[in-house]
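**Q** Have a look; sequence and predicted model below, questions after that.
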Amino acid sequence: MSTGPCVRVGAGDRLLDGYPEFQLSGVWTSEGKPQVVAQKTVVLNWKRGFYVLQINTYAAPEYRPILERMVAAIDKDTKIYPP
């Protein structure tokens, strides 16, 4: 597996439903084929414990617009409820 450039989008200065989020995206080659990836990590520090929510998405480059819309929907519509 070889990797391409990685772009860090947000470094804890963004929020997902009020919680700090970190997002990475980039391109890599897997089994000779390029892939695009986005990873969103959210830190949930609640009274009952500390949790990490991580969402990983990947697709062939021609599906990047769909992946971007999916990540935008996650940003817009996610609701996180404490235990």
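**A** Ah, there it is. In this text the structure is predicted, and so the values were computed from the model without any measurement.
**Q** residue closest to the middle of this protein?
**A** Taking CA atoms, centre = their mean as the criterion, residue 40 is the residue nearest the geometric centre of the chain, at 2.3 Å.
**Q** how far away is that one from residue 19?
**A** As judged by CB to CB, to the nearest Å, residue 40 and residue 19 stand 11 Å apart. C-beta: built from backbone N, CA, C; applies to glycine.
**Q** Kindly report the same for residue 27.
**A** To residue 19, residue 27 is 27 Å away according to CB to CB.
**Q** Surely residue 70 touches residue 55?
**A** No: look at residue 70 against residue 55 with CB atoms under 8 Å: they stay out of range, at 9.6 Å.
**Q** Which neighbours do residue 40 and residue 19 have in common?
**A** Counting by CB atoms under 8 Å, 6 or more residues apart in numbering, no residue touches both residue 40 and residue 19.
**Q** roughly how far apart are the spatially closest residue to residue 67 that is not a sequence neighbour and residue 13?
**A** Among residues not flanking residue 67 along the chain, residue 59 sits closest, at 4.9 Å (CB to CB, 6 or more residues apart in numbering). Applying CB to CB, the value for residue 59 to residue 13 is 26 Å.
**Q** can you check residue 72 too?
**A** According to CB to CB, residue 72 and residue 13 sit 18 Å apart.
**Q** try residue 67
**A** 22 Å.
**Q** who has more neighbours, those two?
**A** Set side by side, residue 67 and residue 13 show unequal neighbour counts under other CB atoms under 10 Å, the larger going to residue 67 at 18 against 8.
**Q** wouldn't the more buried one be in contact with residue 38 here?
**A** Yes: when contacts are counted by CB under 8 Å, residue 67 is listed as touching residue 38 (6.3 Å).
**Q** so what sits against both of these two?
**A** Both residue 67 and residue 38 are in contact with 57-58, where contact means CB under 8 Å, 6+ apart.
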